[in-house]
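> sequence first, predicted model second:
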Amino acid sequence: MNNLKTSNSFVFNSEFDTNYLFSLYGDDYHYVQEILDTVLNDFQSLTDNIEYSYSSGNITALKSAVHKIKPVFGFVGLTAVQQQCQQFESICGTVSSPDQLAGEFETLKNKIFHSRQIIEEEKKKLELFNRNCS
Amino acid sequence: MSLSCIIVEDLQVAANYLKNCCEKSGQVEVRGHFSNVTDALSFLNSNTVDLIFLDVEMPGANGFELLDQIAFSPKVILTTAKSEYAYNAFQYNVSDYLMKPFTYQRFLEALQKIQPSKETISTNSASDHIYIKTDGKLIRLNNDSILYIESMGDYVKFVTLDGKKHITHNTIKNLEEKVSKHHFLKVHRSYIVNLHKIDDMRENLLFIKGNEIPVSKANKADVFRRLNIV
């Protein structure tokens, strides 16, 4: 990942594509904090939807649920996860049974779970940073 | 210039980001945010806007179904995470296609695409004729000579008084803005008719020189408004 560092800038976890975040929000860290907040508020329902679609064996719904969460990772700068979602969506189009997706689903699920953790951590760090700057 | 718009988007972070872009631009006033097609439709039944930022995949009906049901033709910018809607986007003559997330610069480019065509509408729609490109040449068609225009996928067919059919590469959505508002009205997703040529109307059908033209539910009220019913 490319990490953009300017004076007095927040240093994101290396999994975040900082240049991409900068292209979306500039150096408005308060706004980035707001974005992370909004994403975390919606995260549970988005992931519940993925879990439910998978467990009910509905590949079309699963594809749609993953499609829905995909841009969320873009908005927070986790562009690699966004791409992984895109790949999973493509695989969904090639299989007829959820069993054929078991491995890929487990990998994606873990990645999404991990992403939530690092978004939460980053939000806490950013809150502190913004408080100290204001 | 200030455009009024609504945002139809079920992903909160995307809707908030879009609102922020609109406010920052100073060019777009957001009149509402709706997370599904039903709520957006109920707003649009009694309000008009210049522009809709429209997500495609939402719970319930999708974004294109919204476009099928509204009775007027606002500009549309699709906001989606999928590129495979490009064909539909073309069919519905959407102004631009923003892949989420998009930069503020990209958002401004999309807005710029909307402005020139507004000027085109006012100049072209006042004219008493149009030119269409067919068989490698430009043909002049006077408004009074056109009975109706019918969609044929990527093409449209102009049916004229003399019984001729002129086929050209265009869409109904695009033509709706280019032809004279005084003469023509879109009565269905696939038809624009010359109001001065309607012989009669029965239930959901219009008759023009023996041709049956369907009238969609969404356009029926508009047709009644424009006919000189005494």
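Cool, got the structure.

> tell me where chain A has helices.
Ranges of helices in chain A, per DSSP state H, are A:18-25, A:29-55, A:59-75, A:79-92, A:102-133.

> give me whichever of the ones you listed is most buried.
Stretch with highest mean neighbour count among the helices of chain A: helix A:59-75 (a mean of 21; mean count of other Cβ atoms under 10 Å in any protein chain shown). For the C-beta atoms, the positions are set from N, CA and C on the backbone; glycine is no exception.

> give me the below-cutoff pLDDT ranges for the chain.
Just going to use chain A. The model of chain A has pLDDT under 70 over residues A:1-8.

> try chain B instead
B:1, B:81-83, B:86-87, B:90-91, B:116-126, B:230.

> could you chop chain B up by domain?
According to automatic domain parsing, chain B comprises the domains B:3-124, B:129-226.

> for chain A, find the nearest of these.
domain B:3-124 (3.8 Å; Cβ to the nearest Cβ).

> and that closest one, anywhere near chain A?
Yes - Domain B:3-124 lies within reach of chain A by Cβ under 8 Å from any Cβ of the partner chain, at B:10-14, B:16-17, B:20, B:57, B:81-82, B:100-101, B:103-104.

> make JSON lines out of the domains of chain B and add mean neighbour count and distance to residue A:36.
Output for those, formatted as JSON lines (neighbours: other Cβ atoms under 10 Å in any protein chain shown; distance: least, Cβ to Cβ, whole Å):
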{"stretch": "domain B:3-124", "mean neighbour count": "18", "distance to residue A:36": "9"}
{"stretch": "domain B:129-226", "mean neighbour count": "16", "distance to residue A:36": "39"}
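
> in a markdown table, list those domains along with distance to residue A:78.
Listed next are those as a markdown table, based on distance: least, Cβ to Cβ, whole Å:
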| stretch | distance to residue A:78 |
| --- | --- |
| domain B:3-124 | 11 |
| domain B:129-226 | 37 |
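
> circling back to that earlier point, would you mind giving the helices of chain A as a markdown table with distance to chain B added?
What follows is those, written out as a markdown table (distance: least, Cβ to the nearest Cβ, whole Å):
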| stretch | distance to chain B |
| --- | --- |
| helix A:18-25 | 5 |
| helix A:29-55 | 5 |
| helix A:59-75 | 4 |
| helix A:79-92 | 8 |
| helix A:102-133 | 11 |
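
> of the ones you listed, which is nearest residue B:190?
When those are compared by Cβ to Cβ, helix A:59-75 sits nearest residue B:190, at 28.5 Å.

> gap between that closest one and the chain center?
Here helix A:59-75 is found 10 Å from its chain centre; the criterion is Cα atoms, centre = their mean, to the nearest Å.

> quick check: angle from it to helix A:18-25?
Helix A:59-75 and helix A:18-25 are oriented at 90 degrees to each other (axes from the mean of the first three to the mean of the last three Cα atoms, to 10 degrees).

> please name every helix or strand in contact with helix A:59-75.
Applying 3 or more Cβ pairs under 8 Å, 6 or more residues apart in numbering or on different chains; DSSP states H and E, one finds that helix A:59-75 makes contact with helix A:29-55, helix A:79-92, helix A:102-133, helix B:12-25.

> how far off helix A:102-133 does the first one point, in degrees?
Angle, helix A:29-55 to helix A:102-133, by the same axes, to 10 degrees: 160 degrees.

> who are the packing partners of helix A:29-55?
With contacts taken as 3+ Cβ pairs under 8 Å, 6+ apart, helix A:29-55 sits against helix A:18-25, helix A:59-75, helix A:102-133, helix B:12-25.

> how about those helices in TSV, adding distance to residue B:173?
Formatted as TSV, these follow (distance: least, Cβ to Cβ, whole Å):
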stretch	distance to residue B:173
helix A:18-25	31
helix A:59-75	26
helix A:102-133	38
helix B:12-25	23
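
> can I get the helices and strands packed on helix A:59-75 in TSV with distance to residue B:200?
Shown next, in TSV, are the helices and strands packed on helix A:59-75 (distance: least, Cβ to Cβ, whole Å):
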stretch	distance to residue B:200
helix A:29-55	51
helix A:79-92	51
helix A:102-133	60
helix B:12-25	46
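
> nearest to residue A:20, out of these?
Ranking the helices and strands packed on helix A:59-75 by proximity to residue A:20 (Cβ to Cβ) places helix A:79-92 first, at 5.6 Å.

> quick one: contacts of the closest one?
Applying Cβ atoms under 8 Å, 6 or more residues apart in numbering or on different chains, the contact partners of helix A:79-92 are A:1, A:15, A:17, A:20, A:59-60, A:62-63, A:66-67, A:69-71, A:73-74, A:101, A:104-105, A:108, A:111-112, A:115.

> verify the stated contact: residue B:5 with residue B:29.
Yes - the criterion here is Cβ atoms under 8 Å, and residue B:5 meets it with residue B:29 at 6.9 Å.

> give me the common contacts of these two.
Going by Cβ under 8 Å, 6+ apart, residues that sit against residue B:5 and also against residue B:29 are residue B:22.

> need the helices of chain A in JSON lines with distance to residue B:42, can you?
Shown next, in JSON lines, are the helices of chain A (distance: least, Cβ to Cβ, whole Å):
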{"stretch": "helix A:18-25", "distance to residue B:42": "32"}
{"stretch": "helix A:29-55", "distance to residue B:42": "24"}
{"stretch": "helix A:59-75", "distance to residue B:42": "23"}
{"stretch": "helix A:79-92", "distance to residue B:42": "32"}
{"stretch": "helix A:102-133", "distance to residue B:42": "34"}
